[in-house]
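Q: next comes the sequence, and after it the predicted model I'd like to discuss.
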Amino acid sequence: MPLYCENCMKLVEGPTCRACRNRKLREVEPGDFCMVAEVHYMQAEMLKELFADNGIPCTDRSVLGAGITVKLGVNVGFVRVYVPYDRLDEAKALYDAYFNSEAVFEEPEKRELSIGHVYRHFKGGLYRVEGVAKHSETLEEYVVYRKLYDDHSLWIRPKEMFLSPVDKEKYPDAMQEYRFEEVSEEVPDGAV
Ligand SMILES: [Zn+2]
């Protein structure tokens, strides 16, 4: 059995914990919380969720200390995440698979706008993107798009918003990921 430092909540090489100089090390027990990783607090939330999904109990400590976190009112730094010794290998494997894979830190896919193509709004209406216009005063880009039903009127909306995901909190039943999703290849002028 490896040795355990209760102060640091981690496995250490005896006879003294190098981090805190603790000499009262003991053999680790299955339920002893051991550190899996030290991560940014936002990653810690993801990690805790990941462990919860896998039924692994976990606890965490702010590296700055709880007092400082409370004083500042926000969690500013890094967090150490711990799981019981008997789940440590499993937790480390999950951590490696998830956090050390490139997928986690990839930029979200940059969506391109296809002029002349038809997009479906998440509420079901179809629209054709006519072009992108620049606001004369703010220089913000707007998508100009035409309703393909009712009065076929012309609408504009900030491009960033046009390409953004559906607000799943506001619309939990939305069937698509983005506010507008492309549904067809180019549709020539006058065809719709
Ligand atoms: Zn220690």
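A: That came through fine. These figures come from a predicted structure and were not determined experimentally.
Q: ok, the residue sitting nearest the centre point of the chain - contacts?
A: In the chain, the residue lying closest to the centroid (Cα atoms, centre = their mean) is Met46, at 7.2 Å. Neighbouring residues of Met46 by Cβ atoms under 8 Å, 6 or more residues apart in numbering: Tyr98. All C-beta atoms are positioned from the backbone trio N, CA, C, and that covers glycine.
Q: now do the SS call for it.
A: Three-state secondary structure (criterion: DSSP: H, G, I helix; E, B strand; the rest coil) places Met46 in helix.
Q: go on, the one 4 residues further on?
A: Secondary structure for Leu50, judged by three-state DSSP, is helix.
Q: pLDDT wise, what is the closest residue in space to Tyr171 that isn't next to it in sequence at?
A: For Tyr171, the nearest residue in space outside its immediate sequence neighbours is Phe122; the separation is 6.8 Å by Cβ to Cβ, 6 or more residues apart in numbering. In this model, Phe122 is scored at 92, pLDDT.
Q: likewise Tyr98?
A: Here, the pLDDT recorded for Tyr98 equals 82.
Q: what's the burial count for the nearest residue to it once chain neighbours are set aside?
A: For Tyr98, the nearest residue in space outside its immediate sequence neighbours is Leu50; the separation is 5.9 Å by Cβ to Cβ, 6+ apart. Leu50: 19 surrounding residues under other Cβ atoms under 10 Å.
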